[in-house]
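Enquirer: One predicted model, sequence on top.
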Amino acid sequence: MNEWFNNLERREQWILLAGAAFVVIYILFGVVLGPLNNDVTSLTTRNQAASETLQWMHQGAAQVKKLRGGGRGNAASAQLGLSKMVDQSAAREGLRVSRFQPSGNNEAQVWLDKISFNRLVAWLDRMENTHGASVMNITINAANETGTVNVRVRFKKGL
């Protein structure tokens, strides 16, 4: 093949070398650089879409916090101790606390006997959504009267 190439005229050799260089560049671009460029474009588009989704999520989270009043609990509840908060909110719901046992780290166990189940649910909702005290554990047993229950609940403030 080398002999065949050397037997060609100088002009034909240059044309053949230029054509071979063109074919090598075309293959290099078509096989390596073209797909690589397409991948970069695709990844850039996906990254931009993910960034837009993240921004949308942050806006949604801010809106949820705003609608919740800046997070769990409000400023008045933040200043109020857990025992006082439990007593006041239970009294507002017409519930009587049988026993209260603080357990450190803003946690406490509360016992309520013979209370209306519906009032219990309303009180638990208020404790969590208004005062920022989350229910960590709850035990509910039916009392003797219809619609009444005995409850032991463990709260954690500021979860």
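Expert: Here it is on my side, so go on. All values reported here derive from a predicted model rather than from experimental measurement.

Enquirer: Just give the nearest non-adjacent residue to Leu112, would you?
Expert: Distances taken as Cβ to Cβ, 6 or more residues apart in numbering put Val151 closest to Leu112, at 4.6 Å, once the chain neighbours are dropped. Heads up, the C-betas are built off the backbone N, CA and C, glycines and all.

Enquirer: Show residues contacting the helix or strand where the one you found lies.
Expert: With the criterion set as DSSP states H and E, the secondary-structure element containing Val151 is strand 148-157. Contacts with strand 148-157, where a contact means Cβ atoms under 8 Å, 6 or more residues apart in numbering, come from 73, 82, 85-86, 103, 105-117, 120, 124, 127, 131-143.

Enquirer: Mind jotting down where the strands sit in the protein?
Expert: Read by DSSP state E, the chain holds these strands, from start to end of the chain: 97-102, 107-116, 133-142, 148-157.

Enquirer: so which of these gets nearest Val32?
Expert: Distance to Val32, taken as Cβ to Cβ, is lowest for strand 133-142 among these, at 56.7 Å.

Enquirer: So which bits of the closest one are buried?
Expert: With burial defined by 16 or more other Cβ atoms under 10 Å, the residues of strand 133-142 counted as buried are 133-134.

Enquirer: pLDDT averaged over it, what's the number?
Expert: Mean pLDDT, computed over strand 133-142, is 92.

Enquirer: picking up where we left off before, which one of the strands of the chain lies closest to Gly30?
Expert: Relative to Gly30, the nearest member of the strands of the chain by Cβ to Cβ is strand 133-142, separated by 60.7 Å.

Enquirer: Against which helices or strands is that closest one packed?
Expert: When contacts are defined as 3 or more Cβ pairs under 8 Å, 6 or more residues apart in numbering; DSSP states H and E, strand 133-142 sits against helix 82-92, helix 117-129, strand 148-157.
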